[in-house]
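Trainee: sequence and computational prediction follow.
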Amino acid sequence: MKKVYAKEEVCVGCKLCEVYCITSHSKYKDVLKAYKLDSTRPAPRIIIEEERPISFSLQCRHCDDAPCVKACITGAMQKDPETGVVTCDTDKCVGCWTCVLVCSFGAIVRDLNNKIASKCDLCAETGEPACVKNCPNEALVFTEGGI
Amino acid sequence: MLKEGNIRIPSGCAISGIIDKSGAVFSGQIIADSIATMHDRSNGLGGGFAAYGIYPDFKEHYAFHMFYDDAKAKQDTEDLLKANFVIAYEEKIPTRKTQSIKNAPLIHRYFVLPKLEVLNASEMNDEDFIVKFIFNVNKNIDGAYIFSSGKNMGVFKAVGYPEDVAEFYKLETYNGYMWTAHGRFPTNTPGWWGGAHPFNLLNISVVHNGELSSYDTNRKYLEEFGYSCTLMTDTEVAAYIFDLLLRKHKLPVTLAAKVIASPLWNQVERLSPKERELYYNLKIIYSKALLNGPFSIIVTYDNGFIAINDRIKLRPLTAASQGDMIYVASEESAIRRVCKNPDKVWIPKGGEPVIAEIEQQNISEIYDKKEVTA
Amino acid sequence: MSLNYLTPEFKVLRDYDRCINCKVCMRQCANEVHSYDEDLDKMIADDYKCVNCQRCVVMCPTHALTIIKHPQVFRENANWTYDAIRDIYRQAETGGVLLSAMGNDRPYPIYWDKMVINASQVTNPSIDPLREPMELKIFIGRKPDKIELDENLNVKTKMPPQLKLNFPIMFSAMSYGSISYNAHASLARAAKELGIYYNTGEGGLHKDFRKYGENTIVQVASGRFGVDREYLKTAAAVEIKIGQGAKPGIGGHLPGEKVSEDISETRMIPVGSDAISPAPHHDIYSIEDLSQLIYSLKEATDYKKPVGVKIAAVNNVAAIASGIARAGADYIAIDGFRGGTGAAPKRIRDNVGIPIEFAIASVDSRLRSEGIRHTISLVAAGSIRNSADIIKAIALGADAVYIGSAALIAIGCHMCQQCNTGKCNWGIATQDPNLVKRLNPEIGYKRLINLITAWGHEIQEMLGGMGINDIESLKGNRLMLRGIGMTQKELDILGILAAGE
């Protein structure tokens, strides 16, 4: 399946990926409105790890045998058998953080604002992840089979 | 207003050329009839002819044709001539009064050989000596202009329509084995006799229809080899390039054609290794001798002519043959006027030369034979 | 600490209606202009530190930032200008030579902009490059006077080594050290794909870039950094650097803090040591010494590679160029007084040397009058800004041009002229790994290809307009130019007529 991969050597650590992740998952789909108006502004589902000069973005790897799906106490965390995308059904999520505990990548974020587990859904609705589309240095690629 | 030679004047034109490959001579009337057909391609501001084989009696002498604005220019030039040359014969070039040719300068011809002691002192070969002399006169003597300087050939030109120029110079009385003609459509008004075509240097003459966008590049390149471009005409530059390639650098005429209308790099890359090397060298060494811009041109030399277009054929050129006769002209009509039923008529592609040469190698031999049979 | 008399040069305007406190600006500014104030819950800026590189402006996701020239003025004075006063404050404070970077930015006349180009009308058809062939290929190297053939038309001429260029454009010498690894990677790869050449500058050739050797010109400068057998063997051509337009007559100095492990290996000097290029080559004190070095390098490369010489355009450039031609160089590169640099004393950058337009014209004329112009190639450098400048340079007599600043602008340079600080926010003129990675060579090389390809199209269009279908026929074709607003003397030196003549 197509996943997002980070090119550490050209990641500039600007965190624009986080800005656009938030925007993409906000109800406004506009940077300014997402930040200024959205009272339920989501947490970014992409995380920049950095120890300068090294920096790279981290997001859900959509594991084949995803521990978070197994551990989820309400069945909110699901893996689509066709696309392979792991998503969290926010209606079912109760904010128990079990998934956060079991994720070996640390890729699931606690969205305290909305009390839900928040994770990368590859912007499934739009087709191309917003972080990839807006990375100013082409440090993120959305591709099949790694880089 | 600046006279030609001080300013560059683009012009459009008609050209025509005829050769008898057997070396037999024919009257100037034929070429005059041919060029007259294309009357509308010129505007009466320049016409001229080059004739080869017309001076068998002086075939070893350089025939200088001169324009003089006044007697002083003539006197100054003749003083210089006499100091440098033995003059075998000289005369006013015979002309007839015609209605349309006006303001004629003094027109004179001299059959000369360089004085041996002067030539030896110059440490030049006689051709280089002649060229230097011509440049000197044309550049430094006010009102004097040598417009023809080859052996057994001559250029006749004037401000007027070419058919009137032929009448003026009585060209029907001359017989030559090769003729070219030119009718000019310059974009200025005064016109100057020296600026008419053909342009000549030694035995190379050029008639040309076109405008060289590469003029300044070509001119500067030639100046590095000692040429002095005094006329600021494209034809002058074309003539010197042929002089450089044919006479000085001894290139075969087929290759000279490939210098002035060089094949494109992607064409060169498709050639055989041997040819590729040849064209790689030619193109690199002679890049500034490429004639760029629209032209059709006829270059005549000792024993033949080459007619060629720019490599994307932006000006007209048609060729035809009948027996030993080869014809080239801007328009087919100019050929059909003097050759009703050619064996073959064709339109050469851009950059592909029509080369027609006398089959006997030695021109002087031809004339020896002619004289015997006559 | 005593009072700093300087006021900020720029002012950061932040539209708080648009600022979302995302801190992208803060994270991108190597000068630490932006910061987040927790108490205020606001982004704030320190105008003093801003150099107007515009990295933050371009990166801001909500376009909340604008940098303007600071409105603070001195009392108006046509003589004691803003710069004149500030330079004194800076020198009074530091006691040092003022350093600057990129090219001369003073308001001298730009002669490119006083020349216009011809086009065909009626008497000569213009040529459409989309329909007709239009050749831009040129060769740099020494040319024989004539071709020699045997009776079977086999070529007997020994053609000296030539550089083949698909465009009459090369990337100027910029050393690894003055610019980053990623900048070099972008230039080298673009040169290869375009079929042109880039120049290593005087800082040696990084081992990773040896694979681009066929498109590499290596420099031998007064510091002789990185010169060894492999260096000469790898390159397509060798260039002896005598001088540079931004700082004629003086050498170079790469401070030790920029000499990293990698640069130390490439330059072949110890880590952390200052890399000093002496003002002259200490084995070239005269033209015959230059000739000796030219032939030494030709010997070392088995006469298989062109050896060129780069000089700065100075008063006597025509005579010097003639000497270089006769000393055996295969090409001469001339760098005008607007040429860029990674660091130069400001007074020298702004006051020494002559404009490249005059230098090309006078060198071309001089070499022609000596009958040797056709034997040698001439490369013009020193602020070629667009394709029209190239047309004008070639019509004045150049065979090709070097572009430096334009190439860097293509990969992000915003001409803030702070290269010497090593804090290039665009990852170009820096060795800070945090900053270098901001220039992605994958993006950089494509942008360079785009630029040269675009210029190539424009050159073809202008050539076609002039009725020319081969760039060779533009060389020295000064009739294609006319001057506007110049004195007769200037026109005469350029060898062109005035518009309307």
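Mentor: That came through, no problem. Numbers count the residues shown, from 1 in each chain, chains lettered A, B, ... in the order given.
Trainee: right, and C:Met43 touches C:Cys19 too?
Mentor: Yes - taking contacts as Cβ atoms under 8 Å, C:Met43 lies within contact range of C:Cys19: 5.6 Å. Every C-beta, even on glycine, is put in place using the N, C-alpha and C of the backbone.
Trainee: quick one, domains of the chain?
Mentor: Since no chain was named, I'll use chain A. Under the assignment automatic domain parsing, the domains of chain A span A:1-59+A:120-147, A:64-105.
Trainee: meant chain C actually
Mentor: Domains of chain C are assigned by automatic domain parsing as C:10-96, C:138-498.
Trainee: between these, which one is nearest to B:Ala32?
Mentor: Closest to B:Ala32 of the domains of chain C is domain C:138-498 (Cβ to Cβ; 32.3 Å).
Trainee: got the end-to-end distance for the closest one?
Mentor: The first and last residues of domain C:138-498 sit 29 Å apart, counting by Cα to Cα, to the nearest Å.
Trainee: mind checking the domains of chain C for the one nearest to B:Asp164?
Mentor: Checked against Cβ to Cβ, the stretch from the domains of chain C lying closest is domain C:138-498, at 31.7 Å.
Trainee: quick one: the strands in the stretch 151-300 of chain C, in order.
Mentor: C:163-165, C:169-173, C:198-199, C:216-220, C:237-241, C:252-254, C:275-277 (DSSP state E, counting those that start in this stretch).
Trainee: now distance to chain B, mean neighbour count and mean pLDDT too, for those, in TSV please.
Mentor: TSV is the format used below for the strands of the stretch 151-300 of chain C (distance: least, Cβ to the nearest Cβ, whole Å; neighbours: other Cβ atoms under 10 Å in any protein chain shown; pLDDT from 0 to 100):
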stretch	distance to chain B	mean neighbour count	mean pLDDT
strand C:163-165	9	21	98
strand C:169-173	17	27	98
strand C:198-199	22	27	98
strand C:216-220	19	25	98
strand C:237-241	16	25	98
strand C:252-254	35	22	87
strand C:275-277	35	20	92
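Trainee: one step back: looking at C:Met43 and C:Cys19, which one has more neighbours?
Mentor: C:Met43 (23 against 18; other Cβ atoms under 10 Å in any protein chain shown).
Trainee: which residues touch the more buried one?
Mentor: Going by Cβ atoms under 8 Å, 6 or more residues apart in numbering or on different chains, C:Met43 touches C:Arg14, C:Cys19, C:Asn21, C:Lys23, C:Cys25, C:Met26, C:His34, C:Ser35, C:Tyr36, C:Asp37.
Trainee: need the winner for burial among the domains of chain C.
Mentor: domain C:138-498 (a mean of 21; mean count of other Cβ atoms under 10 Å in any protein chain shown).
Trainee: centroid residue for chain A?
Mentor: In chain A, the C-alpha nearest the mean C-alpha coordinate belongs to A:Cys120, at 2.4 Å (Cα atoms, centre = their mean).
Trainee: just checking, it touches A:Ile47?
Mentor: No - taking Cβ under 8 Å as the definition, A:Cys120 is not a contact partner of A:Ile47, at 9.7 Å.
Trainee: what residues are shared contacts of these two?
Mentor: With Cβ under 8 Å, 6+ apart, A:Cys120 and A:Ile47 have common neighbours A:Gln59, A:Ala107.
Trainee: and the one helix or strand B:Thr217 maps to, what's buried?
Mentor: For B:Thr217, the enclosing helix or strand under DSSP states H and E is helix B:215-224. Neighbour counts over helix B:215-224 (16 or more other Cβ atoms under 10 Å in any protein chain shown) mark B:Tyr215, B:Asp216, B:Thr217, B:Asn218, B:Arg219, B:Lys220, B:Tyr221, B:Leu222, B:Glu223, B:Glu224 as buried.
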